[in-house]
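Asker: what follows is a predicted protein model with its sequence.
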Amino acid sequence: MQVTQANQQSSPSLSKNQLQENWRIYMRIFKLLRPHWFKAVAAVVCMGLATGFSLIVPWLLQWVVDVGIRSGRFQDLLWAALAILVTSALRGLFAYGQGYLGQAISSLVAYDLRDMLYDHLQHLSFSFHDDSETGQLMSRMTADIEAVRNFFPMGLLRALLAVVTFASVTILLLRLDVYLALITLISVPIMLILSAQVVKRLRPLWLEVQNGVGDLSTIMQESLSGVRVVKSFAREEFEIEKYGTQNQQLRELNMSAMRLSAWNQPLLVLSLNLVTVLVLWVGGIAVIHRTLSLGTLVAVTNYILLLGTPVRTFGFMINWWVRGLSGGTRIFSVLDTPSDITDAPDAKVLQKVAGHVRYENVSFAYSNGVEVLKDITIDAQPGQTIAILGPTGSGKSSMLHLLPRFYDTKGGRVLVDGSDVRDVTLASLRRNIGLVLQDVFLFNATIRENIAYGVVGATEEQILEAAKAARIHDFILTLPDGYDTWVGERGVTLSGGQKQRVAIARTLLLNPSILVLDDSTSSVDMETEYLIQQALEEVMRGRTTFVVASRLRTIKNADQILVLERGKIVERGTHATLLKHNGPYARLYDMQLREQEEFEAQVLNTQSDLQTEVLQ
Ligand SMILES: Nc1ncnc2c1ncn2[C@@H]1O[C@H](COP(=O)(O)OP(=O)(O)OP(=O)(O)O)[C@@H](O)[C@H]1O
């Protein structure tokens, strides 16, 4: 699978290449801040000011102990207390600003990412979607974006806070007492080594967790959209177990990641506490020997206490750096996938075509490289009907998918009114081609909206006209809300035949010059069959039509019949000539179509007998 492969390159050891790759991903994540730079700068300024005000407090305490108390002036103490209160309030205010802006930036970045990803997914080609799991894509849209979103306030801002606090505390400590400052700084390499160890092990774990979330979404999405199959085979327990196993694996992975981060945090705090004890010990002796003032020791210990907050949250911060990196890797792997079907730089706009379609020596293979179409040549004049027959898997649908350029040919070319389909814009090409495919998909919307889907600004009159021609208007009127009836996901409230006629109306509204009908598998009752047949005849009138046909009437009326076998056209002609030829078509006719002919003849005989009886 294209998308997951992109994520499975990580190994537990961080090689130089991987470090460079990680750095590149972080740079791209930072670039997401560019449109919101003002808010980002404001957040950093708030953070700087909040840190600055918190650094003033120990200094004030030192003054209180060394000067205020010693002077014995009550007024001095009052001023110092007031100053501590004001700086604390200001610190709180700017900390709020930092928190608020941090969350605001992260929400804006998440919004941008969702838009970018959705936009890109809409433009990716069929072959990308063939190779991707919907669940994995959904989890990129949700869990991975959430990981990057949280990275900003929880990872980036916290890291900045830690760096600023450590740097300013170090400078202040060095000014207060060099020895005590050096003792305090012992904690820094210890913390860095501990954290590097954790990052190395956390990174692959979080990547596995995020892939696991994707797999879980795939199972959920499959069992929900395939709920009818699950129920009809009574496989609910199997599905529950499948989901349960994956869910448990994910829980264990999550727990391992959490355990690892949780271990890290007390170790970091412990190293800081050891340093505090050491400072108190060495500083205490110095105070006893009067080589250090009590106020300085109070200030030093308070500065070390200030380091407590970033150290305590260090573990979580690392967690969000790693999660952001894994989420970013997965998101960028989709964003970096180019669409293999795009407009050529000099693509022309195809105006309304007459409908002359040519396939010239076309060969085609899907991404697995197996050739499914070989040397296909067809010439369809405007208004002609081309019926395509062949055993299942012979390449009928694949051949039709090349016309609206769902895929590009491997060899040869497809021409519409003399223009190669690769030389015109996709939108203008597809506006000229109406498709009714085997698997009818209706959107979660009203019938009116579904019919009008392809034509922005279609009038009520046009919609009704299309529905009438598709023989679905009368049925729609019997529904309680008529055209405003909501057809649920996949149009579950409509039958197969009704859905098909709504799809035909949708295509009719487009008024295309070329039609592609893939109706080889519709199995409906006689009345619906008759209605669909009438609808199709209406749709096909005056348009070049390619139809994968299973209905005798369509085939008999076709201007050309193509018989496909293992990706090759093995026979072509009209019904009469091909029957005479007694080749593959005659065999298919015997197997599949003769019964229909006999049945129709029987119905006609019965009707004429009845008429004769009535006349007598
Ligand atoms: N997305 C795909 N990726 C890879 N191979 C595919 C894909 N779709 C179809 N194929 C393969 O291409 C061949 C032709 O399939 P196609 O769907 O065109 O046949 P068909 O004649 O329309 O079959 P049916 O009558 O059953 O619809 C088959 O071997 C099929 O397995």
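Answerer: Received, thanks.
Asker: run through who's touching stretch 19-33.
Answerer: For stretch 19-33, the external contacting residues (C-beta atoms under 8 Å, 6 or more residues apart in numbering) are 14, 40, 105, 109, 112-113, 148, 151-152, 156, 324-325, 328-329, 332. Bear in mind the C-beta positions are built from the backbone N, C-alpha and C, glycine included.
Asker: if we use 10 Å, what do you get?
Answerer: 9-10, 14-15, 39-41, 43, 105-106, 108-110, 112-113, 116, 148-149, 151-152, 155-156, 199, 203, 321-322, 324-329, 331-332, 335-336 (C-beta atoms under 10 Å, 6 or more residues apart in numbering).
Asker: out of those residues, list just those in helices.
Answerer: Within the contacts of stretch 19-33, residues falling in helices by DSSP state H are 39-41, 43, 105-106, 108-110, 112-113, 116, 148-149, 199, 203, 321-322, 324-329, 331-332, 335.
Asker: how about the strands in the chain?
Answerer: Assigned by DSSP state E, the chain shows strands spanning 357-365, 371-380, 385-389, 411-416, 419-420, 433-436, 445-446, 486-487, 514-518, 544-548, 560-565, 568-573.
Asker: can I have the buried ones of the contacts of stretch 19-33 as a ChimeraX selection?
Answerer: Applying 16 or more other C-beta atoms under 10 Å to the contacts of stretch 19-33, the buried members can be selected in ChimeraX as follows:
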select :10,14,39,40,43,105,106,108,109,110,112,113,148,149,151,152,155,156,199,203,321,322,324,325,326,327,328,329,331,332,335
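Asker: my guess is residue 169 meets residue 311, correct?
Answerer: No. The pair residue 169 / residue 311 is not scored as a contact, 11.3 Å apart, by C-beta atoms under 10 Å.
Asker: okay, the two: which has more neighbours?
Answerer: Legend: neighbour count by other C-beta atoms under 10 Å for residue 169 and residue 311, higher for residue 169 (25 against 22).
Asker: contacts only, for the more buried one.
Answerer: Contacts for residue 169 (C-beta under 10 Å, 6+ apart) come out as 51, 54-55, 58, 181, 184-185, 300, 302-307, 310.
Asker: re the thing from before, quick one: closest of the strands of the chain to the ligand.
Answerer: The closest of the strands of the chain to the ligand is strand 371-380. By C-beta to the nearest ligand atom, the value is 4.0 Å.
Asker: and residue 41, what does it touch?
Answerer: Contacts were defined as C-beta under 10 Å, 6+ apart; by that measure residue 41 touches 33, 101.
Asker: quickly note the distance from it to residue 157.
Answerer: 12 Å (C-beta to C-beta, to the nearest Å).
Asker: give the residues shared as contacts by these two.
Answerer: When contacts are counted by C-beta under 10 Å, 6+ apart, residue 41 and residue 157 have residue 101 as shared neighbours.
Asker: identify the contacts common to residue 169 and residue 311.
Answerer: The contact lists of residue 169 and residue 311 share residue 304, where a contact means C-beta under 10 Å, 6+ apart.
Asker: residues from the protein in reach of the ligand?
Answerer: The chain comes close to the ligand at residues 130, 366, 368, 372, 390, 392-398, 520, as judged by C-beta under 6 Å from any ligand atom.
Asker: pLDDT wise, what is the residue in the stretch 51-200 of the chain that the ligand sits nearest to at?
Answerer: At 4.1 Å from the ligand, residue 130 is the closest residue in the stretch 51-200 of the chain, using C-beta to the nearest ligand atom. pLDDT, the model's per-residue confidence, is 80 for residue 130.
Asker: picking that back up, could you dump the strands of the chain to a markdown table with mean pLDDT and mean neighbour count?
Answerer: Shown next, in a markdown table, are the strands of the chain (pLDDT from 0 to 100; neighbours: other C-beta atoms under 10 Å):
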| stretch | mean pLDDT | mean neighbour count |
| --- | --- | --- |
| strand 357-365 | 95 | 19 |
| strand 371-380 | 94 | 18 |
| strand 385-389 | 91 | 24 |
| strand 411-416 | 94 | 19 |
| strand 419-420 | 93 | 16 |
| strand 433-436 | 87 | 24 |
| strand 445-446 | 88 | 15 |
| strand 486-487 | 84 | 18 |
| strand 514-518 | 87 | 23 |
| strand 544-548 | 91 | 26 |
| strand 560-565 | 92 | 21 |
| strand 568-573 | 92 | 17 |
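Asker: among the ones you listed, which comes closest to residue 71?
Answerer: Of all those, strand 445-446 sits nearest to residue 71, with 79.0 Å by C-beta to C-beta.
Asker: contacts for the closest one next, please.
Answerer: By C-beta under 10 Å, 6+ apart, the residues outside strand 445-446 that reach it are 452-453, 481-488, 491.
Asker: among those, name the buried ones.
Answerer: Buried residues within the contacts of strand 445-446, counting neighbours by 16+ other C-beta under 10 Å: 452-453, 483, 487, 491.
Asker: nearest to the ligand, of the residues you listed?
Answerer: Using C-beta to the nearest ligand atom, residue 491 is the member of the buried ones among the contacts of strand 445-446 that lies nearest the ligand, at 20.9 Å.
Asker: center of the protein - which residue?
Answerer: Closest residue to the average C-alpha location of the chain: residue 137 at 3.8 Å, with C-alpha atoms, centre = their mean.
Asker: quick one, what contacts the residue of the stretch 51-200 of the chain closest to the ligand?
Answerer: Each residue near residue 130 by C-beta under 10 Å, 6+ apart is listed here: 2, 366-368, 406-407.
Asker: just residue 462 next, same as before
Answerer: 451-452, 455, 508-509, 511.
Asker: so which of these is the most crowded?
Answerer: Neighbour counts for those, by other C-beta under 10 Å, peak at residue 451, which reaches 28 neighbours.
Asker: show the pLDDT at it.
Answerer: pLDDT at residue 451 comes out at 92.
Asker: one more: residue 70?
Answerer: Residue 70 is assigned a pLDDT of 77 by the prediction.
Asker: that one against residue 295, yeah?
Answerer: Yes. Look at residue 70 against residue 295 with C-beta under 10 Å: they come within range, at 8.8 Å.
Asker: what is in contact with those two at once?
Answerer: residue 64.
Asker: neighbour count for these two, which is higher?
Answerer: Each of residue 70 and residue 295 has its neighbours counted (other C-beta under 10 Å); residue 295 has more, 22 against 13.
Asker: which ones are touching the residue lying closest to residue 257 once chain neighbours are set aside?
Answerer: Residue nearest to residue 257 in three dimensions, not counting chain neighbours: residue 205, with 4.6 Å by C-beta to C-beta, 6 or more residues apart in numbering. Residues in contact with residue 205 (C-beta under 10 Å, 6+ apart) are 12, 253-254, 256-261, 322, 326.
Asker: okay, these in TSV with pLDDT next?
Answerer: Formatted as TSV, those follow (pLDDT from 0 to 100):
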residue	pLDDT
12	46
253	90
254	88
256	89
257	84
258	83
259	84
260	81
261	76
322	88
326	88
